[in-house]
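Asker: please find the sequence and the predicted model below.
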Amino acid sequence: MFREETSQSTETVKLNKRIARLKVLAQKYKRAEVTQNALLEISNFAASVSTPEEFYSSLHQSLKKLIPADNFFIATLNPATERIEVPFFEDEKDLHPEDCYPEEDLSDMLFSGLTGYVLKTEQALICNNDTYTQLVASNEIIPRGSDCHQWVGVPIKSAESTTGVLVVQSYHTDTYYGDMELELMTFISHHISAVIERLQYQEQLELAIETRTKELSIAYNKLKLEVYERRRAERLQKSLFEIADLATSNIDNLEFYEELHRVISHLIPINNCFISLLNEERDSLSFPYFVSQFDLPSPKPRAISDGLTEYILLNRKPRLLERSDIDALIQSGELYCEAPELNDTQEINQWIGLPLFIHGKVRGSLTIYSYSYSQNYQEKDLELLTFVSQHIATAIEKKLSAESLQFSYEQLEEKINERTQALACVNDDLEKEINQRKRIERQLVHDAKHDNLTGLPNRAMFMERLSQSIKHVRRHTLDKFAVLFIDMDRFKLLNDTLGHLEGDRFLIETAKRLKLCIRNNDMLARLGGDEFVILLDSVGSQKDAEDVAERILLELSRPYTLANQQLNSSASIGLAMSGQNNSDTSESILRNADSAMYQAKSKGKGCYVLFAQGNNKQHVQELELENELKIALDKGDLQLSYLPIMELESERVIAFEPRLFWRHPTLGKVKQLQLNNIAEHCNLLIELDNYKLAMINDGFHSLEQRFGVDFHIQVSISSQHLNHKHALRALKNKVKQCSFDLTKLTLFFNEKDFVQNTNNHINAFEQLNGLNVQLGIDGYGSAHSAISSLTFLPIQSLKLDSSYATHLESEQHLKIIKAYYSAARALELEIFAVGVSTKAHCQLLSDIGFEKGQGIALGKVFELDNSSNQVCA
């Protein structure tokens, strides 16, 4: 009995053990199934997600099904910046690392912890308290975050390089991670690497597609524009051919103008247009063609008044006027002041008027206008119509000429048939024909001898008149005449800045002003460009001619109103008197006046010079001097001197102004100012400045040895460096080549040049400011620029013009100096007095507030012998 019970107990124990093993196996199979399903789910969404954020979120949810992963984050290494980023973070205790350590850099912080350790070792890590303590003790890591029970990190690898870390951690002691969890996380890290590579490839592919699409779109647009331009050119050419054919067609006037309208409509839409023509006496207008979208009646012929049509005829320029432009002209009294009943422009949106030049004169106009705001004409339409209007005028001219000729033929035939009955009438008609031809001939002769723009005599006519005057004074030796050669000083700058249209207006206004300065028996002519010449006939003396020159300078110095702004100009005048040489010719006298004009320009412009026989010799000497300067620059014969700049009270030297000089074999010492004048004439100012900067760089060490290191260098630089980007780039490179501290260098530019070209200075100063050099304006007060303009410049210093220091006894000058000083201090600019010649000047300037200055009272210019380090006065 006992044996049976013992045997049953043994069987029961075995059965219980088998049941326990079966339960363990069942639990393992169930876990394996869950693991398999979770991994399959991870593989599926890894292949389908479109963004890393979507993948990380789904991954976290699936991972939590396999292992305790409530505390889970992913760190990735950005290959471009080599910095660690955290695209996903989930933790039940800690906040995101950026929130936990807001004052530390996220990447540096992670690199110093366990995450950085895994990245550096590229090995998986299961870290418990013991391992963590060892790593901290060995300075492998720095403690970060809250204490945890266990930490697991697996590197994310791609193409044999580690690109990130996959991390889970537990805070509970009943949660353990082992090899199975490590293997599972390693498997997941491969999916992360694959997803990142796939998404990067997809992003690159989309970027490439987008780039190629843009390129194709640009190419398509270019091709489309080219096709449009070709079609437009073909339409224009076809229209011009049709206009030329119309000129020779045998059709009546109404059909002729209708056909012209049809041809123009092929180029741009035209619903409203008319053609107006002046009569022979130019005192009335007729309208041979008129079309309106509202079927308005054609205007009747009327006398010349102040309507829009007359506005175009008077100005002789094509114009595109908006509604606001028309209103402004009406309000200013230029339109419809004499005849307000003609004003029917109230509903007009845009108005285009084009003068028609027939037989060399404005004899009519082509007018196009629109009522609708949806139909807007552009400047390109105006340009096109201007071009076409020239051909239309030619066609009308030919049509009128043909009609006139036909009419003449008909009249002639009629008169021939009736000559036996009406010989007197025939003679009258023939006389009219002859007079008409004479007028045409006179017009041709006039056009051949006059300037088209100003209507003044041209060079050919002037030389004829000058030759006659020479012959006259040879017969009448007591009579004299004078020739004034006038050249506008700023015409090229004005023409380049405002455009040729405003340049033409400037020349026309100049011609009007010059006419006011001479008598009726004098002759004013335009030689070309901005050059005018005056023949003063029968002058009493040289003083009379000089009075006229001064009157011209005064008249041309008055402001011009161009492009809605006032601009100042000046002129240089050369004056040549008759009777200085018995062999004078028209060419020699004009050449003498031209030579004297260049002498006036060399004196600083805005003046006149009387030609003397020695002038030619002096001019040749100046050309020789310019060539010698070029050779001296190439050989390095120019030397450097320094002007001290001091504090007015202590007379402590704070800076030096380097100045070039040239020991000329015959002229002696040629100083900086004369060098600048010579260099300006032969276009060597930039080379002269570059030479000076190189000399300053070579001698800077010697200055430091002699005067210590506590001083600055102040250099006057020509504004020609700022006129175009290549010269500015060369200046910047030259400054960068200086081996001394650039914060000790101040570049000064003249105020007159700044006023003449403000925009170039502003843009260039912004670029030069990046070189760490100081910037300033010298000669301040000479051009009277607006103080507000200084606020646009990144400058630090001003140098007052030296003329103010020489007029300190004047109360008005003192007021201006105080105003300039107050303005500079208000703008926080350092201001220097220039030309201080006496100790009394020093005291007076100090009383105003000036602290620094230069002049003979504060130290003379000296030379520095580099070989001996000695100062030579």
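Answerer: It's in.
Asker: look up how far residue 780 lies from the residue nearest to residue 834 when sequence neighbours are not counted.
Answerer: Setting aside the residues directly before and after it, residue 834 is nearest to residue 802 in space (Cβ to Cβ, 6 or more residues apart in numbering), at 4.5 Å. For glycine as for every other residue, the C-beta is placed from the backbone atoms N, C-alpha and C. Distance from residue 802 to residue 780, counting by Cβ to Cβ, to the nearest Å: 11 Å.
Asker: tell me which of these two has more neighbours.
Answerer: residue 780 (28 against 18; other Cβ atoms under 10 Å).
Asker: quick check: phi and psi on the more buried one?
Answerer: Residue 780 adopts backbone torsions of phi -70, psi 130, taken as degrees, to the nearest 10.
Asker: how about residues contacting the longest strand belonging to the chain?
Answerer: Using DSSP state E to define each element, the chain has its longest strand at strand 653-664. If you take Cβ atoms under 8 Å, 6 or more residues apart in numbering as the criterion, strand 653-664 is touched by 628-629, 632, 637-647, 669-672, 675, 688, 691-692, 695-696, 699, 703, 707, 710-716, 746, 852, 854, 859, 861.
Asker: buried residues of it, list them for me.
Answerer: Buried residues in strand 653-664, counted by 16 or more other Cβ atoms under 10 Å: 653-662.
Asker: give me the sheet partners of it and which way each runs.
Answerer: Using DSSP bridges, strand 653-664 pairs in its sheet with strand 639-647 (antiparallel), strand 668-670 (antiparallel), strand 712-716 (parallel).
Asker: in the last one, what counts as buried?
Answerer: Applying a neighbour-count criterion of 16+ other Cβ under 10 Å, the buried positions in strand 712-716 are 712-716.
Asker: what inclination does the next helix or strand after that strand have with respect to strand 712-716?
Answerer: Going down the chain from strand 712-716, the next helix or strand is helix 725-736, by DSSP states H and E. Orientation check (axes from the mean of the first three to the mean of the last three Cα atoms, to 10 degrees): helix 725-736 against strand 712-716 gives 160 degrees.
Asker: output the contacting helices and strands for helix 725-736.
Answerer: helix 685-707, helix 758-768 (3 or more Cβ pairs under 8 Å, 6 or more residues apart in numbering; DSSP states H and E).
Asker: in CSV: these, plus mean neighbour count.
Answerer: CSV is the format used below for these (neighbours: other Cβ atoms under 10 Å):
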stretch, mean neighbour count
helix 685-707, 17
helix 758-768, 17
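Asker: which one, of those, ends up nearest to residue 126?
Answerer: Of all those, helix 758-768 sits nearest to residue 126, with 59.7 Å by Cβ to Cβ.
Asker: can I get the closest one in CSV, CA atoms only?
Answerer: Once non-C-alpha atoms are left out, helix 758-768 reads as follows in CSV (Å, rounded to 0.1, in the frame of the first residue of the first chain):
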residue,chain,number,x,y,z
THR,A,758,25.9,110.1,-54.0
ASN,A,759,24.5,106.6,-54.8
ASN,A,760,28.0,105.3,-55.9
HIS,A,761,29.5,106.5,-52.6
ILE,A,762,26.8,105.0,-50.5
ASN,A,763,27.1,101.6,-52.1
ALA,A,764,30.9,101.6,-52.1
PHE,A,765,31.1,102.8,-48.5
GLU,A,766,29.0,99.8,-47.4
GLN,A,767,31.5,97.5,-49.1
LEU,A,768,34.6,99.3,-47.8
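Asker: tell me how far it lies from the chain's centre.
Answerer: Centroid displacement of helix 758-768 relative to its chain, using Cα atoms, centre = their mean, to the nearest Å, is 10 Å.
Asker: averaged pLDDT, that helix. What do you get?
Answerer: The predicted model gives helix 758-768 an average pLDDT of 85.
Asker: thinking residue 196 is in contact with residue 52, fair?
Answerer: Yes. At 6.6 Å, residue 196 and residue 52 qualify as touching, with contact defined as Cβ atoms under 8 Å.
Asker: tell me which of the buried residues of strand 712-716 is nearest to residue 587?
Answerer: residue 716 (41.7 Å).
Asker: rewinding a little: and the two most separated of the buried residues of strand 653-664?
Answerer: Once Cβ to Cβ is applied, these give 654 and 662 as the farthest pair, at 28.1 Å.
Asker: other SSEs contacting the helix or strand that contains residue 403?
Answerer: For residue 403, the host element (DSSP H and E) is helix 379-417. Packing partners of helix 379-417 (3+ Cβ pairs under 8 Å, 6+ apart): helix 179-248, helix 253-265, strand 319-322, strand 350-358, strand 361-370, helix 423-449.
Asker: what strands line up against the third one, and which way round?
Answerer: So the one you mean is strand 319-322. Its sheet considered, strand 319-322 pairs with strand 350-358 (antiparallel) by DSSP bridges.
Asker: ok now the partner strand, how far from the chain's centre?
Answerer: 33 Å.
Asker: give the buried residues for that strand.
Answerer: 350-356, 358.
Asker: could you check the angle helix 379-417 makes with that strand?
Answerer: 40 degrees.
Asker: any idea how this structure splits into domains?
Answerer: Domain assignment of the chain by automatic domain parsing yields the ranges 15-203, 249-406, 418-449, 459-611, 636-872.
Asker: tabulate the ones you listed in a markdown table, adding columns for distance to residue 624.
Answerer: As requested, the domains of the chain are arranged in a markdown table below (distance: least, Cβ to Cβ, whole Å):
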| stretch | distance to residue 624 |
| --- | --- |
| domain 15-203 | 64 |
| domain 249-406 | 48 |
| domain 418-449 | 39 |
| domain 459-611 | 15 |
| domain 636-872 | 10 |
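Asker: to residue 243, which of those lies closest?
Answerer: Using Cβ to Cβ, the nearest of these to residue 243 is domain 249-406, at 4.9 Å.
Asker: and for residue 712, nearest residue in space, chain neighbours not counted?
Answerer: Closest to residue 712 by Cβ to Cβ, 6+ apart is residue 655, at 4.1 Å.
Asker: quick one: that neighbour and residue 203, what's the gap?
Answerer: Distance from residue 655 to residue 203, by Cβ to Cβ: 58 Å.
Asker: just residue 627 next, same as before
Answerer: From residue 627 to residue 203 the distance is 66 Å (Cβ to Cβ).
Asker: what does residue 253 give?
Answerer: From residue 253 to residue 203 the distance is 71 Å (Cβ to Cβ).
Asker: neighbour count for those two, which is higher?
Answerer: Set residue 253 next to residue 203 and count neighbours by other Cβ under 10 Å: residue 253 wins out with 13 against 10.
Asker: how about that one, nearest residue that isn't a chain neighbour?
Answerer: Residue 253 sits nearest to residue 288 (Cβ to Cβ, 6+ apart), 5.8 Å away.
Asker: CA atoms of the helix or strand hosting that neighbour as PDB?
Answerer: Using DSSP H and E, residue 288 falls within strand 284-291. Provided in PDB are the C-alpha atoms of strand 284-291 (Å, rounded to 0.1, in the frame of the first residue of the first chain):
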ATOM      1  CA  SER A 284      -4.700 125.800 -88.100                       C
ATOM      2  CA  LEU A 285      -5.300 122.100 -87.700                       C
ATOM      3  CA  SER A 286      -7.300 119.700 -89.900                       C
ATOM      4  CA  PHE A 287      -8.300 116.100 -89.100                       C
ATOM      5  CA  PRO A 288      -8.200 114.000 -92.300                       C
ATOM      6  CA  TYR A 289      -8.900 110.800 -90.400                       C
ATOM      7  CA  PHE A 290     -10.800 110.100 -87.200                       C
ATOM      8  CA  VAL A 291     -12.300 106.900 -85.700                       C
END
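Asker: neighbours of residue 180, how many?
Answerer: Residue 180 has 12 nearby residues by other Cβ under 10 Å.
Asker: any idea how far it is from residue 653?
Answerer: Distance from residue 180 to residue 653, by Cβ to Cβ: 84 Å.
Asker: residues touching the nearest residue to residue 116 once chain neighbours are set aside, list them.
Answerer: Once flanking residues are discounted, residue 116 sits nearest to residue 110: 5.6 Å by Cβ to Cβ, 6+ apart. Shown in contact with residue 110 (Cβ under 8 Å, 6+ apart): 75, 84, 86, 97, 116.
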